[in-house]
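1. Quick one, fold the following:
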Amino acid sequence: MKAPVIPAKKFQEEVNLLPDSFFLIDVRDDWEYDEHPHVKKRLSVYDFPDNLEELKKFDDKKMVLCCRTGVRGNVGAKYLLQNGFKNVYNLEGGFEALTALREAQK
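-> Below is the predicted model:
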């Protein structure tokens with residue numbers, strides 16, 4: 001099962017229009033984040049079971065999970081969907097796709 005995805009271009013457009021409608025969850029490992037920090041909320045997919053109640057506070061927003069390339073984001077998004085979350089997406093291609101899009105727009 002593959003989780004719903006949001007392409008980097010659509011994500012960037014929607015964030016620019018409605019930045020408060022998203023809850024972005026960075027599921028990268030510590031070493032990846034230390035090299036390229038982007039967001040404030042980080043949560044390993046391994047920690048999702050212990051944090052479901054906290055995450056439910058953000059269920060009214062579009063939850064977008066992102067990692068480096070999209071693999072762990074897919075794992076995390078599927079887990080949330082299986083646990084009753086409805087508005088969950090994986091950033092297609094992860095931060096690499098988002099970074100490439102931003103570079104192309106320069």
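
2. Show me where the protein has its helices.
-> Secondary structure of the chain (DSSP state H): helices at 8-17, 30-35, 52-56, 71-82, 94-104.

3. I'd like those helices laid out as CSV, including mean pLDDT.
-> Shown next, in CSV, are those (pLDDT from 0 to 100):
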stretch, mean pLDDT
helix 8-17, 90
helix 30-35, 67
helix 52-56, 92
helix 71-82, 94
helix 94-104, 89
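
4. Turn these into TSV, including mean neighbour count.
-> For the C-beta atoms, the positions are set from N, CA and C on the backbone; glycine is no exception. As requested, these are exported to TSV (neighbours: other CB atoms under 10 Å):
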stretch	mean neighbour count
helix 8-17	14
helix 30-35	11
helix 52-56	12
helix 71-82	20
helix 94-104	16
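
5. Kindly reformat those helices as JSON lines containing distance to residue 42.
-> What follows is those, written out as JSON lines (distance: least, CB to CB, whole Å):
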{"stretch": "helix 8-17", "distance to residue 42": "18"}
{"stretch": "helix 30-35", "distance to residue 42": "6"}
{"stretch": "helix 52-56", "distance to residue 42": "13"}
{"stretch": "helix 71-82", "distance to residue 42": "12"}
{"stretch": "helix 94-104", "distance to residue 42": "12"}
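
6. Tell me which of the ones you listed approaches residue 23 most closely.
-> helix 52-56 (8.4 Å; CB to CB).

7. so residue 65 makes contact with residue 28?
-> No: between residue 65 and residue 28 there is no contact, the gap being 10.3 Å when judged by CB atoms under 8 Å.

8. Looking at those two, which one has more neighbours?
-> residue 65 (29 against 23; other CB atoms under 10 Å).
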